[in-house]
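Enquirer: just a sequence and a predicted model for now, questions to come.
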Amino acid sequence: MTPTRADVCAAAIADAFVDDGELFASPMGLLPTLGVRLCRLTQNPDLVISDGESLFLASPPPLSARGDVVEGWIPFRRVFDVVANGKRHVMMGASQVDRHGNQNISAIGDFSRPTRQLLGSRGAPGNTVNNRTSYWVPKHSPRVFVEQVDVVSGVGPQRAQAAGPAASRYHDIHRIVSDLAVLDIRGPDDTLRLLSLHPGVTLDDVRAATGCDLTLPDSVPETRLPTAEELVLINEVLDPHGLRFKEVPDR
């Protein structure tokens, strides 16, 4: 069974949650949900997962099905208690991420007269100052990875520090997974750093698709391939209908 790029991304997302222990995982999107469920089945059995609505699940269902074994109830109003308490790892999308780890899901263009209206900041500010936060970028491009975001929705480490202890105490931008690479915000002065390249991706590919400076290690490793067990779980248990290819086409 040959791994696809989507399979590699799912394994990389799973690795982002491996050290969380008994933490509430809040993935947003198909690949983040697949990666979290894969992590729960293989590397972190203590990870707390939900159906994305109101139920804690005892075991991960396929992407195309509802969980049939429920172990808890978390109505929407209780989610805010968990957000404030901090025992949560959220993986959000990002319309823009800048070299200082700020995220934008609000608008494109000048804030006084934006050219594109997006989701709005929604839960991004609270997520980033209260919970471990990672980002999933299904199409790595210079339009996403920018020098400075047009609107700050998710707060990067420098802004959190400048805002004081209330914003910085639990701040943790943990990982950024794209369809090309894995990154974090641990470069000099808390800036964007390349951790690994997905198989078949070159450093030149990532440089061309990144619209800001990027800290590079002396030797860039390759993102690991999914194990045989993970491939079986992805293809036969968690995503037998191939929904992941809607976000990352088969290649």
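Expert: Thanks, I have it.
Enquirer: output the lowest mean pLDDT helix or strand found in the protein.
Expert: Lowest by mean pLDDT, DSSP states H and E among the helices and strands of the chain is helix 76-85, with a mean of 81.
Enquirer: for it, name the packing helices and strands.
Expert: helix 124-130 (3 or more CB pairs under 8 Å, 6 or more residues apart in numbering; DSSP states H and E). The way it works is simple: take the backbone N, C-alpha and C, and place the C-beta from them, glycine included.
Enquirer: can you check what pLDDT the model gives Glu247?
Expert: Note for Glu247: predicted pLDDT of 96.
Enquirer: am I right that it is in contact with Met28?
Expert: No: in this structure Glu247 lies outside contact range of Met28 using CB atoms under 8 Å: 11.8 Å.
Enquirer: okay, the two: which has more neighbours?
Expert: Glu247 (18 against 15; other CB atoms under 10 Å).
Enquirer: contacting residues around the more buried one?
Expert: 6, 29-31, 138 (CB atoms under 8 Å, 6 or more residues apart in numbering).
Enquirer: can you give me the distance of it to Ala6?
Expert: For Glu247, the distance to Ala6 equals 7 Å [CB to CB, to the nearest Å].
Enquirer: got it, and Ala107?
Expert: To Ala6, Ala107 is 29 Å away according to CB to CB.
Enquirer: neighbour count for these two, which is higher?
Expert: Ala6 (25 against 21).
Enquirer: any idea of the mean pLDDT for whichever helix or strand the more buried one is part of?
Expert: For Ala6, the host element (DSSP states H and E) is helix 5-16. When pLDDT is averaged along helix 5-16, the result is 98.
Enquirer: how about it: buried residues?
Expert: The neighbour-count check on helix 5-16 (16 or more other CB atoms under 10 Å) flags 5-16 as buried.
Enquirer: re earlier: buried subset of the contacts of Glu247?
Expert: For these, a neighbour count by 16+ other CB under 10 Å gives the buried set as 6, 30-31, 138.
Enquirer: with those in mind, which one is nearest to Leu216?
Expert: Taking CB to CB as the measure, Leu216 sits nearest to Pro138 out of the buried ones among the contacts of Glu247, at 22.8 Å.
Enquirer: report pLDDT for the residue nearest the centre of the chain.
Expert: For the chain, the residue lying nearest the average C-alpha position, counting by CA atoms, centre = their mean, turns out to be Tyr135 (3.0 Å). pLDDT, Tyr135: 98.
Enquirer: can you classify it as helix, strand or coil?
Expert: Classification of Tyr135 using DSSP: H, G, I helix; E, B strand; the rest coil returns strand.
Enquirer: now do the strands in this protein.
Expert: 24-27, 49-50, 55-57, 70-73, 88-93, 96-98, 103-104, 107-108, 116-117, 132-137, 145-146, 172-178, 181-187, 191-197 (DSSP state E).
Enquirer: now for the fourth one, which elements pack on it?
Expert: Okay, so that is strand 70-73. So strand 70-73, by 3+ CB pairs under 8 Å, 6+ apart, packs with strand 55-57.
Enquirer: then the third one?
Expert: Applying 3+ CB pairs under 8 Å, 6+ apart, one finds that strand 55-57 contacts strand 49-50, strand 70-73.
Enquirer: which residues sit in contact with Phe56?
Expert: 48-50, 70-74.
Enquirer: out of the residues you listed, which end up buried?
Expert: 48-50, 74.
Enquirer: okay, those in TSV with distance to Phe80 and pLDDT next?
Expert: Putting these into TSV (distance: CB to CB, whole Å; pLDDT from 0 to 100) gives the following:
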residue	distance to Phe80	pLDDT
Val48	16	95
Ile49	19	95
Ser50	14	91
Ile74	10	86
